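In: okay, here's the prediction I keep looking at, along with the sequence it came from:
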Amino acid sequence: MNKLQFVLAAALVVPAALGAQAKTSLDARAKELDGYVAKAVRDWDVAGLAIAVVKDGKVVFEKGYGVRELGKPATVDTSTLFAIASTTKAMTSASIGMLVDEGKLKWDDPVTKYLPTLQLYDPYVSRELTIRDLLTHRAGLGNADFLWDLDDFSMPEIIDRMKLIKPAYSFRSGFIYQNVMYMIAGQVIEAASGMPWEKFVQTRIFQPLGMKSSVPLLSMMPSDADVASPHMRYGGDTVVAIENSRARAVGPAGGVWSNVADMSKWMLFLLDSGRVNGKRLLGPATYAELFKPQVMVPPGEFYPTAELTKPHWTTYGLGWFQEDYNGRMLNFHTGSLNGMVAIIGLVQDARFGVYVLANVDHAEVRHALMYKAIDLYLGNRPRDWSAELNGLYSKERAEEEANRLAADSKRINGTRPSLALSNYAGSYEDRLLGRIDITWVGGKLRANAGPNYAGELEHWQYDTFRIRYDKRWQGTDQVSFTIGDGVPTALNIAGFSLARVREGAAPANH
C-alpha cells in the first residue's frame, strides 16, 4: 500500500471509530447530566423541572423531574407544559423578522407607521421610535410592568397610558429591561400582517415546526392539558402552589406555554439558521440580525451569574442576552412569570442548545443547569455550577433580608395615625397607575389595587401603613397618606401619588 492509499484508508476508518467513541461519550454525558439535574432539583428544592439538550441537529437529552404540583402525584415529563415567560420574546422578534423578509416592514421603520396613535412622554421619541427600539430595551422607558401586572389593563389602555411615563434615561443612551415595548411589538405584527400576534406565532412558528402542544396564551390552554402548577417560595423555605398569572396583554413579551419536547424543535430551528426540514423560514440576513449585538448591557441590568462567568462583554440582540463564555458567544434568555421560570441557551458555532423549565418562582438552578450542560457537551473544564450558584444566590438573599431588617429597624415606634382609621377609607386614583380603593370593613382597613394586590393595612408609623397582601407570596408594600385640612388628600406608594377621588372629579395626572 502506497502512502496515498494508506491515507485514504485511514480517512475511511477514523470516522467510524470516532462515531463509536462519540456515541459512548454522548451516552456517558447524558447519564452524568441526568444525575446532576436530579441532585440539583433536590438541592434547590424545586417542585418540578424539565430540561432538553440538542447538539448537531439532534436531541441528545430530554427529561422531566419532580411533580407538576406539590402534594399531588402527577410527575413532570417532557410533554408537561410550563409558562416559557420572557423566552417568548425571541419568537416575537423572529415573527418581526419574517415580516421583514416579506417586505411588510423594516427593522428601522418608525413604530407610528403601523400604530399612528402611539404617543410617548417625549414627542421626539414618539416620532423617532423604531421597531428595532421596541426589541432592544433602549427607548428610555423604565420598568413599566405595573401596566400589565397591577390592574391587568388591556393593550389599548396600556398604549394610551404610555404618554404618561416619564423617561428613565435619554433615548437610545442606555438599557433598562422591560416588557411593555415587546407587547407593542405584538401590535405592530398585527398591523403589518393582519393577524393577531397569537395567531401569527401559531401559524408561522408552531405549525411549521411541529410544536403541537404549544399555545400562545394561557387562555388558549386545553382543559385536559398536561400542565405544571406555579409555586412561590415565601416566609423562608415555604413553597406553595399558587394560581397562574392571567395578564391579558403580556403575550408577545412572555405569554407562550410550551414543553421541552416542543422547545427542542424551536432550538433545532434556530441552530439550523432558521430552517426546518430544509425549508427556510428566515432569510440568512434576517437570521443573522436577530443575533447581532444591538446594545451594551450594563452590569446592573445583567445577571448576577456574571460574578462567576466573568464575561468580557455583555450585550442584547433582538430578544437575546449575549456574553462570551469560554471563548464562545452564548445567546441566552431567561423567563420569569409568577411561579414559573425558563432559560434557553444557544452556542451557534457548536450547534448546541439547552432549555430548562421549572415551576418555582425564580428558581435560579436554571442558570446552573445551562452552564453545566454547555460545559459537559462542549468539553469545557467541569465546574459544580449548582453549588457555586446556590452559594451566590444564597448570599444575595441574605443581603436582601439584611437590608429589609435594616429598613424595618428605622420604624418609629409608639406613633399614632393622625385620623381615625375609618377616615382613610376612600378611592385614590392616578391616570397612569390606576385606582386603589381603601375600605373600612369589620374594623379593619383594606386595600384593593387590582386583581393581584388586595390586602389588609397594618399601621406602621404616623400616617404610613403596611399592606400585607392576601396572596402572601406578593409580600408587602408601604403606603403613606398625605393629610390636608383634616382629611386624606393623597395615597403615596412606590413613588406614585394617587389623589383622593371626590365625587364627580376627574382622575389626577401623574
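Out: Structure received.

In: show me the shaky parts of the stretch 201-350 of the chain.
Out: Applying pLDDT under 70 to the stretch 201-350 of the chain flags the ranges 236, 247-248.

In: can you map out the helices along it?
Out: For the stretch 201-350 of the chain, the helices defined by DSSP state H, counting those that start in this stretch cover 207-209, 251-254, 260-271, 284-290, 306-309.

In: tell me the secondary structure at residue 119.
Out: Secondary structure for residue 119, judged by DSSP: H, G, I helix; E, B strand; the rest coil, is coil.

In: and it, how far from residue 201?
Out: Residue 119 sits 27 Å away from residue 201, going by Cβ to Cβ, to the nearest Å. For every residue, glycine as well, the C-beta is placed using N, CA and C.

In: domains in the protein, by residue range?
Out: 20-401, 421-500 (automatic domain parsing).

In: of these, flag the one that's most buried.
Out: Stretch with highest mean neighbour count among the domains of the chain: domain 20-401 (a mean of 19; mean count of other Cβ atoms under 10 Å).

In: my read: residue 39 touches residue 385, true?
Out: No - between residue 39 and residue 385 there is no contact under Cβ atoms under 8 Å: 11.9 Å.

In: just the strands in the stretch 101-250 of the chain please.
Out: For the stretch 101-250 of the chain, applying DSSP state E, counting those that start in this stretch gives strands covering 231-234, 238-241.

In: reformat these as a markdown table; add distance to residue 66.
Out: Formatted as a markdown table, the strands of the stretch 101-250 of the chain follow (distance: least, Cβ to Cβ, whole Å):
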| stretch | distance to residue 66 |
| --- | --- |
| strand 231-234 | 10 |
| strand 238-241 | 11 |
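
In: quick one, which of those gets closest to residue 344.
Out: Judged by Cβ to Cβ, the one of these that comes nearest to residue 344 is strand 231-234, at 21.1 Å.

In: distance from the chain centre to that closest one, please.
Out: How far strand 231-234 lies from its chain's middle: 17 Å, per Cα atoms, centre = their mean, to the nearest Å.

In: tell me the contacts of the closest residue in space to residue 258 that isn't next to it in sequence?
Out: The spatially closest residue to residue 258, leaving aside those adjacent along the chain, is residue 214, at 4.1 Å (Cβ to Cβ, 6 or more residues apart in numbering). Counting by Cβ atoms under 8 Å, 6 or more residues apart in numbering, residue 214 touches 81, 206, 256-259, 262.

In: list the ones among those residues that fall in strands.
Out: Counting by DSSP state E, the contacts of residue 214 place 257-258 in strands.

In: in a markdown table, list the contacts of residue 214 along with distance to residue 308.
Out: What follows is the contacts of residue 214, written out as a markdown table (distance: Cβ to Cβ, whole Å):
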| residue | distance to residue 308 |
| --- | --- |
| 81 | 31 |
| 206 | 35 |
| 256 | 29 |
| 257 | 31 |
| 258 | 29 |
| 259 | 29 |
| 262 | 31 |
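
In: now, which of the contacts of residue 214 sits nearest residue 141?
Out: The closest of those, once distances to residue 141 are taken by Cβ to Cβ, is residue 256, at 22.7 Å.

In: the residue nearest to that closest one when sequence neighbours are not counted in helix, strand or coil?
Out: Of all residues not flanking residue 256 in the chain, residue 88 sits nearest, at 4.4 Å (Cβ to Cβ, 6+ apart). Taken by three-state DSSP, the conformation at residue 88 corresponds to helix.

In: show the pLDDT at residue 88.
Out: Predicted confidence (pLDDT) for residue 88: 98.

In: residue 498: which element?
Out: Assigned by DSSP states H and E, residue 498 belongs to strand 496-500.

In: ok, and what's touching that strand?
Out: Strand 496-500 is contacted by residues 426-430, 432-433, 435-436, 482, 487-492, 507-508, 510 when judged by Cβ under 8 Å, 6+ apart.

In: I'd like the distance between residue 61 and residue 107.
Out: Counting by Cβ to Cβ, the separation of residue 61 from residue 107 is 35 Å.

In: same deal with residue 303?
Out: Residue 303 is 26 Å from residue 107, by Cβ to Cβ.

In: identify the contacts common to residue 39 and residue 385.
Out: Contacts common to residue 39 and residue 385, judged by Cβ under 8 Å, 6+ apart, are absent.

In: one step back: tell me which of the contacts of residue 214 is nearest to residue 177?
Out: Out of those, the member with the shortest distance to residue 177 (by Cβ to Cβ) is residue 256, at 18.2 Å.

In: surely the closest one and residue 81 touch.
Out: No - using Cβ under 8 Å, residue 256 is not in contact with residue 81, being 9.9 Å away.

In: one step back: so for the strand holding residue 498, mean pLDDT?
Out: Strand 496-500 comes out at a mean pLDDT of 96.

In: same deal with stretch 362-369?
Out: Stretch 362-369 comes out at a mean pLDDT of 96.

In: for residue 211, which non-adjacent residue is closest in space?
Out: Nearest one to residue 211, counting by Cβ to Cβ, 6+ apart, is residue 262 at 4.0 Å.

In: correction: residue 32
Out: Residue 32's closest residue in space is residue 376 (Cβ to Cβ, 6+ apart), at 6.4 Å.

In: ditto for residue 234
Out: residue 473 (4.8 Å).

In: so what's that neighbour up against?
Out: 232-234, 240, 242, 338-339, 361.

In: got those residues as a markdown table, with distance to residue 355 columns?
Out: Shown next, in a markdown table, are the contacts of residue 473 (distance: Cβ to Cβ, whole Å):
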| residue | distance to residue 355 |
| --- | --- |
| 232 | 23 |
| 233 | 23 |
| 234 | 27 |
| 240 | 26 |
| 242 | 23 |
| 338 | 20 |
| 339 | 19 |
| 361 | 19 |
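
In: which among those residues gets closest to residue 96?
Out: residue 338 (26.9 Å).

In: next one: the closest one from residue 233, what distance?
Out: Taken as Cβ to Cβ, the span from residue 338 to residue 233 is 12 Å.

In: okay, and the common contacts of these two?
Out: Joint contacts of residue 338 and residue 233 (Cβ under 8 Å, 6+ apart) are 361, 473.

In: hmm, residue 361 and residue 338 touching each other?
Out: Yes - using Cβ under 8 Å, residue 338 is in contact with residue 361, at 6.4 Å.

In: identify the contacts common to those two.
Out: 230, 232, 473.

In: who does the second one bridge with?
Out: Note on residue 232: beta-bridge partners residue 240, judged by DSSP bridges.

In: would you mind measuring from it to residue 400?
Out: Separation of residue 232 from residue 400 (Cβ to Cβ) stands at 16 Å.

In: one more: the last one?
Out: Taking Cβ to Cβ as the measure, residue 473 and residue 400 are separated by 15 Å.

In: now swap in the first one and tell me
Out: In this structure, residue 230 and residue 400 are separated by 21 Å, where distance is defined by Cβ to Cβ.

In: related to what we said a few turns ago, pop out the phi and psi values for the residue nearest to residue 234.
Out: phi -70, psi -10 (degrees, to the nearest 10).

In: use 48 as the first number from now on
Out: Right, with 48 as the first residue, what we last looked at is residue 520.

In: re the thing from before, of the domains of the chain, which is nearest residue 459?
Out: It's domain 468-547; of the domains of the chain, that one is closest to residue 459 (Cβ to Cβ) at 4.6 Å.

In: how long is the closest one from one end to the other?
Out: Using Cα to Cα, to the nearest Å, the end-to-end distance of domain 468-547 comes to 16 Å.

In: picking that back up, show me what contacts the residue nearest to residue 79?
Out: For residue 423, the contact set (Cβ under 8 Å, 6+ apart) comprises 76, 79-80, 429.
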